[in-house]
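Got a sequence here, can you model it:
(one chain, ligands or ions: 1)
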Amino acid sequence: MDKGLQRKLKACSDLPSLPAAAARVIELAENPAASMADISQAVSLDPALATKLMRIANSPLYARSRQIGNLDMAVMMLGLNATIMLALSFSLSASMRRSREGGMDYSLFWRRSLLAATAARVIAGKRPDVPVEDAFLASMLRDIGLVALDKVQPGAAAAQQDGHENGQLEIGVWLLDQWHFPLHLLNAIQDSGHCDDLGRSAAEDDLARCVALSRLIADFFMAHDMGEHLGKVRAFATRHWSLDNVWVGEVLGAVAKEVPQIEELFELDLIDVQSLDGLMTQAKELMMVRSLHTAQVLESNREESRKMARKAQLLEEKANRDHLTGLWNRAYLDTSIKTLFEQSETDRQPMSVIFLDLDHFKQINDRHGHQTGDEALEHVAQILLDNTRSYDVVSRYGGEEFVIIMPGMDCDLATRVANRLVSSLRKSPLATDSGEKVTITASAGVATHNDKHDFDNPEGLMRAADQVMYVAKTSGRNRFVVYSKCI
Ligand SMILES: Nc1nc2c(ncn2[C@@H]2O[C@H](COP(=O)(O)OP(=O)(O)OP(=O)(O)O)[C@@H](O)[C@H]2O)c(=O)[nH]1
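Numbering: from 1, shown residues only. Next up, the predicted model:
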């Protein structure tokens with residue numbers, strides 16, 4: 001801290017001071033031998049404080065079925081740590097509010113401090129290893145440096161209060177140190193100003209984060225522009241704890257619920273009751289909008305994935321297609337015949353294969369040129385497609401050879417298809433650019449699995465269709481032959 005400022009603070013007779021009961025409580029907190037009875041006795045010196053502790057022990061904040069009838073019981077029920085922290089919170093808030101007003105808005109200061117403390121309590125309750133009273137007190141006193149600063153440099157305090165800067169932290173820690181405040185609370189307050197750069201124990205770092213986030217939540221409850229503050233709260237929860245909208249919504253809801261009890265205990269209106277409902281509705285709406293935004297982002301990601309999948313599908317399909325005719329290629333045929341053969345086995349359903357080879361195709365190339373030969377292959381492909389079902393696998397096996405797999409088709413039907421194909425080809429000559437008609441014929445072989453014959457594997461089925469196609473070739477071409485055991 002700046003030496004001049006420190007001198008001024010030391011010389012200032014009007015700094016906030018620690019009430020006697022609170023000072024005694026701190027003394028006891030430092031003494032490991034102190035008992036609950038000692039604490040209870042110290043608190044009883046301040047009747048207002050004792051009453052407050054009784055009230056809080058019986059409040060829904062510490063909901064118990066049994067009524068707490070005396071201070072000893074209250075101290076026992078709250079536990080040592082909680083009693084000390086609550087005693088300090090009450091004493092300090094009461095004495096601070098009596099402070100003379102300087103350049104700073106004290107009402108705003110205490111509202112913000114108590115709202116933050118309430119939020120810190122809620123957050124700590126959701127974090128393992130963070131005592132709620134530690135979080136409550138550290139958060140409530142986080143900006144106490146502003147009160148001290150206000151005594152020596154009123155303008156500076158007011159400016160920092162407006163800007164919510166962290167310059168007051170050092171002064172606050174200095175003041176609390178003068179009061180012999182426990183070191184872990186001083187550390188939490190100091191560290192809450194630089195949460196991106198923490199390095200103590202996990203519990204201490206989490207306490208600092210509770211304090212920092214509680215301030216952002218207090219700003220949210222007090223702000224006119226809730227959206228901006230909600231964004232900060234969410235960003236903090238995500239950045240430091242990877243927590244989502246749902247968690248933030250739960251915390252805000254729990255804070256709103258605790259506010260009336262804290263208001264009653266500290267006799268201070270933190271939030272206008274009517275605006276509280278509105279605030280929560282707005283918060284929920286904002287959460288919803290953000291969820292919707294998230295949903296939109298997810299949806300656009302999904303759309304992106306769908307596009308990618310379609311692209312990949314198209315690319316895969318392209319890789320499986322014959323460039324000239326657009327029919328399935330040999331690679332695809334090899335894969336699909338395996339799958340369809342297995343399927344035929346499982347379902348005990350027939351499947352047929354037609355092996356088709358164009359006749360004297362070399363002559364077409366030789367007479368009409370390679371270009372016309374290509375057109376003839378495309379022409380044949382179209383005729384094959386026109387005469388088969390959409391789910392038949394019509395493929396170019398190579399050169400002027402074609403294979404058609406027809407799942408679920410028995411031998412009789414496959415024979416009809418083969419007949420139709422061979423005759424359609426014969427009857428549909430290719431019209432060349434020169435106006436010439438080129439007749440194309442083919443020889444085909446038909447084999448069927450799971451009907452009249454069972455094959456051991458798809459290769460056997462293909463071989464059979466190929467064999468009878470050669471029979472068709474050698475027996476005069478422009479015909480088809482059906483595989484039977486006698487061949
Ligand atoms: N234009 C063109 N011709 C091709 C293509 N692929 C193979 N061929 C031709 O197809 C012809 C096949 O000739 P062959 O194997 O002797 O058979 P064929 O002339 O049809 O006689 P058969 O099968 O015995 O009736 C060859 O001349 C190949 O060059 C292609 O993509 N485009």
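
Now for the residue in the stretch 51-200 of the chain that the ligand sits nearest to: which residues touch it?
Going by CB to the nearest ligand atom, the ligand is nearest to residue 196 of the stretch 51-200 of the chain, at 66.3 Å. In this view, the C-beta of every residue, glycine as well, is placed from N, C-alpha and C. Not one residue lies near residue 196 by CB atoms under 8 Å, 6 or more residues apart in numbering.

Which pLDDT value belongs to it?
pLDDT, residue 196: 90.

roughly how far apart are it and residue 27?
Distance of residue 196 to residue 27, computed by CB to CB, to the nearest Å: 36 Å.

quick one on the thing from earlier: look at the residue of the stretch 51-200 of the chain closest to the ligand and give its secondary structure.
What DSSP: H, G, I helix; E, B strand; the rest coil gives for residue 196 is coil.

Starting from residue 208, give me the distance back to it.
Distance, residue 196 to residue 208, by CB to CB: 11 Å.

what do you get for residue 143?
15 Å.

ok, the residue in the chain positioned nearest to the ligand - contacts?
The minimum distance from the chain to the ligand, using CB to the nearest ligand atom, falls at residue 373 (2.6 Å). By CB under 8 Å, 6+ apart, the contact list for residue 373 reads 361, 364, 365.

Excluding covalently adjacent residues, which one is nearest to the last one?
Right, the one you point to is residue 365. residue 373 (4.0 Å; CB to CB, 6 or more residues apart in numbering).

what pLDDT does the one you found get?
Looking at residue 373, the pLDDT reads 96.

Keep the contacts of residue 373, but drop any that are not near the ligand.
Among those, proximity to the ligand is found for 361, 365 (CB under 6 Å from any ligand atom).

quick one on the thing from earlier: buried stuff in the helix or strand containing the residue nearest to residue 365?
Per DSSP states H and E, residue 373 falls inside helix 370-386. Within helix 370-386, the residues that count as buried by 16 or more other CB atoms under 10 Å are 372, 373, 375, 376, 377, 379, 380, 381, 383, 384, 385.

OK, contacts around the last one?
Put plainly, it is residue 385. 327, 394.

hmm, 10 Å instead?
By CB atoms under 10 Å, 6 or more residues apart in numbering, the contact set of residue 385 is 325, 326, 327, 392, 394, 404.

Enumerate the residues of the protein near the ligand.
So far as CB under 6 Å from any ligand atom goes, the chain lies against the ligand at 324, 357-362, 365, 370, 373-374, 377, 399-400, 473.

which of those residues count as buried?
Counted by 16+ other CB under 10 Å, the residues of the chain next to the ligand give 357, 358, 359, 361, 365, 373, 377, 400, 473 as buried.

mind listing what the fifth one touches?
If I follow you right, that is residue 365. 371, 372, 373, 374, 376, 400.

The second one contacts residue 437, correct?
So the one you mean is residue 372. No - with contact defined as CB atoms under 10 Å, residue 372 does not reach residue 437; the gap is 11.5 Å.

Next, show the common contact partners of those two.
residue 430.

mind checking the SS state of residue 405?
The three-state label given to residue 405 by three-state DSSP is strand.

Oops, could you answer that again for residue 353 instead?
strand.

pretty sure it is touching residue 449, no?
Yes - Residue 353 is within contact range of residue 449, at 7.9 Å (criterion: CB under 10 Å).

can you pull out the helices in the stretch 351-487 of the chain?
With DSSP state H, counting those that start in this stretch as the criterion, the stretch 351-487 of the chain has helices at 361-368, 370-386, 411-427, 458-474.

And residue 147, how far from residue 104?
7 Å.

got the domain boundaries for the protein?
3-16+99-297, 330-485 (automatic domain parsing).

Just tell me which of these ends up closest to residue 83.
With CB to CB as the criterion, residue 83 lies closest to domain 3-16+99-297 of the domains of the chain, at 8.4 Å.

returning to what we had before: what about the residue of the chain closest to the ligand, distance to residue 322?
15 Å.

Looking at the contacts of residue 385, which one is closest to residue 172?
Among the contacts of residue 385, and counting by CB to CB, the member closest to residue 172 is residue 326, at 77.7 Å.

Around that closest one, how many other residues sit close by?
The number of residues packed near residue 326 is 14, by other CB atoms under 10 Å.

shouldn't it be in contact with residue 384?
No - using CB under 10 Å, residue 326 is not in contact with residue 384, being 11.1 Å away.

Residue 429 contacts residue 380, doesn't it?
No - judged on CB under 10 Å, residue 429 makes no contact with residue 380 at a distance of 11.3 Å.

Overlap of the contact sets of the two?
residue 440.

I'd guessed residue 413 sits against residue 406; true?
Yes - shown here, residue 413 and residue 406 form a contact pair, counting by CB under 10 Å, at 7.9 Å.

got the buried residues for the helix or strand hosting residue 258?
Residue 258 belongs to helix 245-266 when assigned by DSSP H and E. By neighbour count, with 16+ other CB under 10 Å as the criterion, the buried positions of helix 245-266 are 245, 247-249, 251-252, 254-256, 258-259, 262-263, 265-266.

Same check on stretch 424-440?
425, 428, 430, 438, 440.

Could you dump these into TSV and include pLDDT?
Below are the buried residues of stretch 424-440 laid out as TSV (pLDDT from 0 to 100):
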residue	pLDDT
425	97
428	96
430	96
438	96
440	98
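
Pick out the most distant pair among these.
Largest separation among those by CB to CB: 425 and 438, giving 11.4 Å.

who touches both of these two?
Joint contacts of residue 425 and residue 438 (CB under 10 Å, 6+ apart) are residue 379.

if we can go back for a sec, what's the overlap in contacts for residue 326 and residue 384?
394, 396.

Return the residues in contact with residue 192.
120, 138-139, 142, 166, 169, 198, 207-215.

What's the PyMOL line that selects buried ones from these?
Applied in PyMOL, the following selects the buried portion of these according to 16+ other CB under 10 Å:
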select buried, resi 120+138+139+142+166+169+198+207+208+209+210+211+212+213+214+215
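
Which ones among the contacts of residue 192 map onto helices?
Among the contacts of residue 192, the members falling in helices (DSSP state H) are 120, 138-139, 169, 207-215.

Dump those to CSV, plus distance to residue 4 and pLDDT.
Below are these laid out as CSV (distance: CB to CB, whole Å; pLDDT from 0 to 100):
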residue, distance to residue 4, pLDDT
120, 33, 95
138, 28, 91
139, 29, 92
169, 18, 87
207, 32, 96
208, 28, 96
209, 33, 96
210, 33, 97
211, 28, 96
212, 29, 96
213, 33, 96
214, 32, 96
215, 28, 94
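
I'd say residue 151 and residue 106 touch.
No - Residue 151 lies out of contact with residue 106 (CB under 10 Å); the separation is 12.0 Å.

Next up, identify which helix or strand residue 53 is on.
Residue 53 belongs to helix 47-57, assigned by DSSP H and E.

how about that helix: buried residues?
49, 50, 52, 53, 54, 55, 56, 57.

Send me that helix as PDB with only the CA atoms.
Written as PDB, here are the backbone C-alpha positions of helix 47-57 (Å, rounded to 0.1, in the frame of the first residue of the first chain):
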ATOM      1  CA  PRO A  47     -27.200  -8.100  24.500                       C
ATOM      2  CA  ALA A  48     -28.100  -7.000  20.900                       C
ATOM      3  CA  LEU A  49     -25.600  -9.400  19.500                       C
ATOM      4  CA  ALA A  50     -26.800 -12.200  21.700                       C
ATOM      5  CA  THR A  51     -30.400 -11.600  20.600                       C
ATOM      6  CA  LYS A  52     -29.300 -11.700  17.000                       C
ATOM      7  CA  LEU A  53     -27.500 -15.000  17.400                       C
ATOM      8  CA  MET A  54     -30.600 -16.500  19.100                       C
ATOM      9  CA  ARG A  55     -32.700 -15.300  16.200                       C
ATOM     10  CA  ILE A  56     -30.400 -16.700  13.600                       C
ATOM     11  CA  ALA A  57     -30.100 -20.000  15.400                       C
END
